[in-house]
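1. sequence below, structure please.
(one chain, ligands or ions: 2)
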Amino acid sequence: MFEYGGETGIPATGPRHLRVRGGAVLSGSIDVKTSKNAGVALLCASLLNRGTTTLRRVARIEEVNRILRVLGSMGVAYEWIGDDGDLRLTPPERLDLTRIDADAARRTRSIIMFLGPLLHDYAEFELPFAGGCELGDRTVEPHMVALRRFGLSVESSRSAYRATVKDQVDPPGTIVLTERGDTVTENAVMAAARYPAPTVIRNASCNYMVQDLCFFLERLGVRIDGVGTTTLTVHGREDIDVPVDYAPSEDPIEAWSLVSAAVVTASEITVRRVPIEFVEIELALTEEMGLVYSRSDEYLAANGRTRLADLTVYPSPLRAPMDKIHPMPFPGLNIDNLPFFALIASCAEGSTMIHDWVYENRAIYLTELNRLGAKVRLLDPHRLAVAGPVDWNGAEVVCPPALRPAVVLLLGMLRAGGTSELRHINVIHRGYEQLAERLQLLGAEIEPF
Ligand SMILES: CC(=O)N[C@H]1[C@@H](OP(=O)(O)OP(=O)(O)OC[C@H]2O[C@@H](n3ccc(=O)[nH]c3=O)[C@H](O)[C@@H]2O)O[C@H](CO)[C@@H](O)[C@@H]1O
Ligand SMILES: C=C(OP(=O)(O)O)C(=O)O
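-> Ligands and ions are numbered 1, 2, ... in the order given. You can find the predicted model right below:
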């Protein structure tokens, strides 16, 4: 059995391991929670605002807790209000950047999104190195290239980024991002949000979390043209002091995880509140593979902007697609949804090629499905050949240190005959709120221990 470091410590919330009795058919309905990735972006964006920020129905997950711990250590007062995940953040007059909780900061890559907001008010500061899942090296260079235009320069030591901000800079004008990344786009948008002249950001990500961030900034009085496209024009405001109330949208990755749960267990379930625009390609592709589903009329998320629908998925015989499956920046098959296709392909007749060009070290974790009887062959670090259908069997598996592959294993166990154990599931708590408990409500036989 693999022994992984990093993410496999004692979880701060929830159980450590899961025992799964596979084979149960699921039924009923389940609501999708709001997204991890918009949640963390909005927590970082709250630093732009001198007023109180209230965020509604924030997912109560470890990634959010880690950023909150960091914000708290810098002097931001926060409180959860009620039982629905509403969160109120009140910044201090001045942040204390010398007291940052380095342990919490090093566990999340999202800490990198403090750079954009902080550069406005702090001429020199240090941030602990950004961590997170072990997916292979992930560059921060595009962030540095973009933020340099706002006067930021960063020296990296072994454990921290040392940031210095120039006093006078020429207006950034037009910035062309060197990668169409989500967090780099968010960092550039947040830097531009308090720059008192328009900034044009090209090759911007138009993914769901970027859109949620833009909608939030609009509530703060920052006009942004081109939301949903790859060119954003941000009309910044030098000072933002607005009591704001915002509800981020639902998580397309959790939505697709739940659709995948229905597919792998050959069950009929209704996944409610699916941000439909952001799983459209996943749906079209799986429909080509034979998936039968129906969808409700569309309605709006609480942010008033994102389109939602309820999806009912029916048990369907699947066949492998003709072409390889690969992700793309939005609009494309979502990079974080790709791992679920190893599971879906294992349920389909024939051989499916999956090409994970994005991460240097993620595809390999999906070969762990073989412990459950799957036939996943790693052709090289980025390509998998998945043969199906599979005679699933129970097994004991340690969660890999990567969120989505860990959830893929859990979902495979729901189908596998006999009893399985999934160990050290804290990596799942990083991105999913009470996933095991919510699957239980659909009839899954999962016992936390
Ligand atoms: C908090 C958050 O929002 N995290 C998401 C964000 O991370 P984040 O924005 O941090 O993603 P990265 O910048 O690490 O990009 C992921 C990988 O894709 C590569 N890359 C990305 C864009 C591009 O145009 N070309 C390219 O090669 C990067 O070099 C990197 O190796 O985006 C990732 C890709 O959608 C998602 O998996 C993460 O869930
Ligand atoms: C890779 C992911 O996220 P992060 O950027 O938080 O590591 C993910 O959500 O699958």
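2. need the residues of the stretch 251-400 of the chain near ligand 1, please.
-> P329, I335, D336, V358 (Cβ under 6 Å from any ligand atom). C-beta: built from backbone N, CA, C; applies to glycine.
3. what is the nearest of the residues you listed to ligand 2?
-> Ligand 2 has its nearest neighbour among those in D336, at 4.0 Å by Cβ to the nearest ligand atom.
4. right, and H429 touches V64 too?
-> No - contact status for H429 versus V64: not in contact, 10.5 Å apart, counting by Cβ atoms under 8 Å.
5. for the stretch 151-300 of the chain, give the residue positioned nearest to ligand 2.
-> Taking Cβ to the nearest ligand atom, the stretch 151-300 of the chain has I253 as its residue nearest ligand 2, at 6.3 Å.
6. my read is that residue is in a strand, agree?
-> No - checked against DSSP: H, G, I helix; E, B strand; the rest coil, I253 lies outside a strand; its state is helix.
7. so which residues of the stretch 201-350 of the chain form helices?
-> According to DSSP state H, counting those that start in this stretch, the stretch 201-350 of the chain carries its helices in the segments 208-219, 252-264, 280-288, 340-346.
8. for the first one, packing partners?
-> To tie it back to what came earlier, the one meant is helix 208-219. When contacts are defined as 3 or more Cβ pairs under 8 Å, 6 or more residues apart in numbering; DSSP states H and E, helix 208-219 packs onto helix 36-45, helix 182-193, strand 223-225, strand 244-246.
9. is that helix in proximity to ligand 1?
-> Yes - Helix 208-219 is in contact with ligand 1 by Cβ under 6 Å from any ligand atom, via M209.
10. mind listing what's buried along that helix?
-> Y208, M209, V210, Q211, D212, L213, C214, F215, F216, L217 (16 or more other Cβ atoms under 10 Å).
11. ok, back up a step: quick one, phi/psi of the residue nearest to the residue of the stretch 151-300 of the chain closest to ligand 2 when sequence neighbours are not counted?
-> Leaving aside its chain neighbours, I253 sits nearest to D336 (4.6 Å; criterion: Cβ to Cβ, 6 or more residues apart in numbering). Main-chain torsions, D336, degrees, to the nearest 10: phi -80, psi -10.
12. next, count neighbours for D336.
-> Residues near D336, counting by other Cβ atoms under 10 Å, number 24.
13. tell me the one among the buried residues of helix 208-219 nearest to ligand 1.
-> M209 (5.0 Å).
14. any idea what the most far-flung residue of the chain relative to its centre is structurally, helix, strand or coil?
-> Most distant residue from the mean C-alpha position of the chain: Q168, 35.3 Å away (Cα atoms, centre = their mean). For Q168, the assignment made with three-state DSSP gives coil.
15. do you know how far the residue nearest to it when sequence neighbours are not counted is from ligand 1?
-> In space, and not counting its chain neighbours, Q168 is closest to G151: 7.7 Å by Cβ to Cβ, 6+ apart. Per Cβ to the nearest ligand atom, to the nearest Å, G151 is found 22 Å from ligand 1.
16. G151 contacts P171, doesn't it?
-> No - counting by Cβ under 8 Å, G151 stays clear of P171, with 11.1 Å between them.
17. got the residues of the stretch 301-449 of the chain near ligand 2?
-> So far as Cβ under 6 Å from any ligand atom goes, the stretch 301-449 of the chain lies against ligand 2 at D336, L403, R404, G431.
18. mind giving me the PyMOL command for buried ones among the residues you listed?
-> Buried residues within those, by 16+ other Cβ under 10 Å, are selected in PyMOL with:
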select buried, resi 336+403+404+431
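19. what's the closest of the residues of the stretch 301-449 of the chain next to ligand 2 to ligand 1?
-> Of all these, D336 has the smallest distance to ligand 1: 4.6 Å, by Cβ to the nearest ligand atom.
20. surely the closest one is in contact with A402?
-> No - judged on Cβ under 8 Å, D336 makes no contact with A402 at a distance of 10.4 Å.
21. picking that back up, need the pLDDT of the residue farthest from the centre of the chain.
-> On the pLDDT scale, Q168 is placed at 78.
22. contacting residues around the nearest residue to A102 once chain neighbours are set aside?
-> Nearest non-adjacent residue to A102, counting by Cβ to Cβ, 6+ apart: P128, 4.3 Å away. Counting by Cβ atoms under 8 Å, 6 or more residues apart in numbering, P128 makes contact with I100, A102, A105, R106, I111, S159, A160, Y161.
23. the chain - how does it break down into domains?
-> 18-33+250-448, 36-246 (automatic domain parsing).
24. hey, least reliable of those domains by pLDDT?
-> domain 36-246 (a mean of 94).
25. what about that domain, start to end distance?
-> 15 Å (Cα to Cα, to the nearest Å).
26. D182 versus E437, what's the distance?
-> 29 Å (Cβ to Cβ, to the nearest Å).
27. quick one, which of the two is more surrounded?
-> Remark: of E437 and D182, D182 carries more neighbours, 23 against 13, as counted by other Cβ under 10 Å.
28. am I right that the more buried one is in contact with N37?
-> Yes - with contact defined as Cβ under 8 Å, D182 reaches N37; the gap is 6.8 Å.
29. which residues are common contacts for those two?
-> M209.
30. P198 bridge partners, please.
-> The partner list for P198 in beta bridges (DSSP bridges) reads H235.
31. for it, list the residues it contacts.
-> P198 neighbours (Cβ under 8 Å, 6+ apart): T233, V234, H235, G236.
32. and the residue nearest to Q168, what are its phi and psi?
-> According to degrees, to the nearest 10, G151 has phi 90, psi 0.
33. any residues of the stretch 101-250 of the chain in contact with ligand 1? List them.
-> Looking at ligand 1, the residues of the stretch 101-250 of the chain close enough under Cβ under 6 Å from any ligand atom are R109, S110, R138, T139, E179, R180, G181, D182, T183, V184, M209.
34. also near ligand 2: which of those residues, exactly?
-> R109.
35. just the buried subset of the residues of the stretch 101-250 of the chain next to ligand 1, please.
-> Using 16+ other Cβ under 10 Å, the buried ones in these are R109, S110, R138, E179, R180, G181, D182, T183, V184, M209.
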